[in-house]
Structures are given as structure tokens and as C-alpha cells.
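Novice: Have a look at this fold, sequence not included:
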């Protein structure tokens, strides 16, 4: 019995060490430096209409996602969707850090309940993810939120910022933007999660996203007033590519690190997009709407403090549709109104940070 008890304690100690340490060994660029680094991952994922099956009388946007709606959204299908999304989250960044992302920004979700249901699914339950969500004013009833590992990312503040009213469209409502602040070890990190207005109406809707970019920049400037060298990651479904005016001119996000000045922004999404990579496809064209943009405060060469390392699109083969009219696209939940038991019509994106041990 003593030996069995010892083995049990040893297993607990090993598991605890894994859970509370997300470090991995890496060399600096060029491979000449053998110093060791801790790696951390931050991800973003558009969950593609993650609705529950209950009718919310205050949200007409959920009518399609009811058992009686055109998608015949039943409890069985809802739970299949949860399990599919959970399986994706459980695999994000695992080749770099054993505990997965310290934070995952999410969009296109109906309410806090769907996030609570998601983090309780078997595939991700052991990750112990906490949820940040507040109801927003969006006319479709969808919001943004954050899932995070409270053992590593110690959140101490969060708030939502409301999209400003428009003079020419006083009844226009869209998603709020979420700002979350906390500590990773001795480093303070700020995350902004957004889902900018859609492209409905084509180019005529561009000014809506430019207004959203102004709000994002305002959030950043409010952080800089208190913390001039702040480490910020802005992430979201921007419904714009890295080359669009909202990103290049309003946010003034640069495609080259050396061009970024104090309190400026670096957009690693741009080089990926230029190389032909995308996060969603429409009419046989790839777009890179799901972007992750980092502040000057995260750009470092020595990693004596938390710094940006690299970004990737998590476009693994199992997330790609293998047949039908969406062949080669992200494996979505529906083909028209036909349930095809996929994941999302967007790929997740991941940003990796390093810090010298």
C-alpha cells in the first residue's frame, strides 16, 4: 500500500509540474545561442455561430439556431459542435508548449453559457480554462470572449468597449471589443479581442470597419497613457485583410518589424497573407481576416522580458473540407442548410511569445 501511495503521489507531482510550467527549449535565431526560453501561446478562433438550442426572446438572431429553425439546431448537433471545437482547442500550440495556449480569444458565440459548456467538454476539461464574457448589443446576438489558463495568465482587469454611434446609421449595432490585462510571471500583458463589422454591402461597409479600427486604437492609447511601453496583442476577425485601409492606415500596423516605432504595431499576418496563406476562403479566394497584431513593446531580440517570437495559422489537414463545394476550405458546420459536422469556416491563428529563463 505504501508503494502504491508513493506512485500516486509521484504521478500527481509530475502532472502538477506539467500544468504549472509551459516552458520548452529553443535557440535564438541562427541557432548559435544555447540559452533556454519559456514559450507561451496566445490564440484566436472564430467559432462560427456557436449558439445553444434555447430560444432567447431578447435575441432574435438565434431564431435560425433552434430545433425548429432552418438549421434544425438540436441538442445533439450542439454537443457535436462543442466536441469538435474542443478537439481543436486541445491541439492548439501543443507542439510548442505542453499546456496549450495561455489565452484564446473567441468570436461568433451567443452567450456565456456556450463558453461554459465548451470548456467543460472532455477534450479540454483538464486545461482548466476560465471564461470572460459579457452580453453585447450586436444585432445578430453574437459576442467576443476570452478563454484563459488562470494558472499561468493571472487576469486582474477586463472591460468591454462599445462601438461608437454613427450619425448616418444611428441604429447600427455590432460587437463590443474586449480588453483583458494580466500577468505572465513578472510580465504584464494586455489582450484586445474584436470582431469588426461584416462585409455585408461590399465596399460600402468599409467605413464601419475603419470606425472599429479607431476604437481599437483608442483602447491601445488608453493603455499607453498608463503604461507607455505596454505589451499588447490585438486579435480578432477583422473582416478585412492585412492590406486594407482599416489595418494599414487607421491602425498603422506595419508589415516589417524594423518599421515599427514606439507605441507602433507590427502585423505578422501580412507576410503570411502575402505568401498565399489565409484563414478563410470565399469564392475561390483566400482572405486573412483573423489577424494577430503585436505592439512595439513585444518586439525584442534578447527575450530578457516577454517578447514576440512567431505567428502561425493552425490549418491542419483535419480542419480542411475534403469534398463538396467547399473542398479545400476550412471544414465548416453547414453546407447551406445541410449539417456536415465540421468545425468552423475559419482557421485558428496562434502567436507565440518567448522569455529567457
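Specialist: Great, that's in hand. Just so you know, these numbers come straight off a predicted model, no measurement behind them.
Novice: only C-alpha atoms for contact and neighbour calcs from this point on.
Specialist: Will do.
Novice: For the nearest residue to residue 257 once chain neighbours are set aside, grab the count of nearby residues.
Specialist: Counting by Cα to Cα, 6 or more residues apart in numbering, residue 266 is the residue found nearest to residue 257 once chain neighbours are left out, at 6.0 Å. Residue 266 has 25 neighbours, counted by other Cα atoms under 10 Å.
Novice: how close does residue 266 sit to residue 280?
Specialist: Going from residue 266 to residue 280 by Cα to Cα, to the nearest Å gives 22 Å.
Novice: Might one say that the residue nearest to residue 257 is in contact with residue 292?
Specialist: No. If you go by Cα atoms under 8 Å, residue 266 and residue 292 don't touch, sitting 9.1 Å apart.
Novice: In the stretch 251-357 of the chain, what residue spans correspond to strands?
Specialist: Shown for the stretch 251-357 of the chain, the strands assigned by DSSP state E, counting those that start in this stretch span residues 253-254, 265-266, 280-282, 285-287, 290-295, 307-313, 334-335, 338-339, 349-356.
Novice: Can you list the strands that the third one pairs with?
Specialist: Note on strand 280-282: by DSSP bridges, its sheet partners are strand 285-287 (antiparallel).
Novice: what's the spacing between the strand it pairs with and its chain's center?
Specialist: In terms of Cα atoms, centre = their mean, to the nearest Å, the centre of strand 285-287 is found 19 Å from the chain centre.
Novice: any idea how far stretch 99-116 is from the chain center?
Specialist: 8 Å.
Novice: Give me the buried positions along it.
Specialist: 99-112, 114-116 (16 or more other Cα atoms under 10 Å).
Novice: if you look at these, which of them are in helices?
Specialist: Judged by DSSP state H, helices contain the following of the buried residues of stretch 99-116: 112, 114, 115, 116.
Novice: shouldn't the last one be in contact with residue 129?
Specialist: No. Counting by Cα under 8 Å, no contact exists between residue 116 and residue 129, whose distance comes to 9.3 Å.
Novice: picking up where we left off before, report the contact partners of the residue nearest to residue 257.
Specialist: Taking Cα atoms under 8 Å, 6 or more residues apart in numbering, we find residue 266 in contact with 253, 254, 255, 256, 257, 260, 293, 294, 295, 296.
Novice: repeat that for 6 Å
Specialist: By Cα atoms under 6 Å, 6 or more residues apart in numbering, residue 266 lies in contact with 253, 254, 257, 293, 294.
Novice: How far off centre is the longest helix anywhere in the chain?
Specialist: Determined from DSSP H, the single longest helix within the chain is helix 206-226. Here helix 206-226 is found 18 Å from its chain centre; the criterion is Cα atoms, centre = their mean.
Novice: got it, and stretch 80-92?
Specialist: 14 Å.
Novice: Please apply the same query to stretch 262-273.
Specialist: Mean-position distance between stretch 262-273 and its chain equals 16 Å (Cα atoms, centre = their mean).
Novice: where do the strands sit along the stretch 101-250 of the chain?
Specialist: According to DSSP E, counting those that start in this stretch, the stretch 101-250 of the chain carries its strands in the segments 103-109, 130-132, 143-148, 153-161, 177-184, 187-195, 232-237.
Novice: Tell me which strands the last one pairs with, and in which orientation.
Specialist: Strand 232-237 has its sheet partners listed here by DSSP bridges as strand 187-195 (parallel), strand 290-295 (antiparallel).
Novice: from those, which stretch is densest packed?
Specialist: Highest mean neighbour count among the strands paired with strand 232-237 (mean count of other Cα atoms under 10 Å): strand 290-295, with a mean of 26.
Novice: still on that earlier bit, would you list the strands of the stretch 251-357 of the chain in TSV and tack on mean pLDDT and distance to residue 242?
Specialist: Shown next, in TSV, are those (pLDDT from 0 to 100; distance: least, Cα to Cα, whole Å):
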stretch	mean pLDDT	distance to residue 242
strand 253-254	98	9
strand 265-266	98	11
strand 280-282	96	13
strand 285-287	97	9
strand 290-295	98	8
strand 307-313	98	14
strand 334-335	94	27
strand 338-339	96	32
strand 349-356	97	14
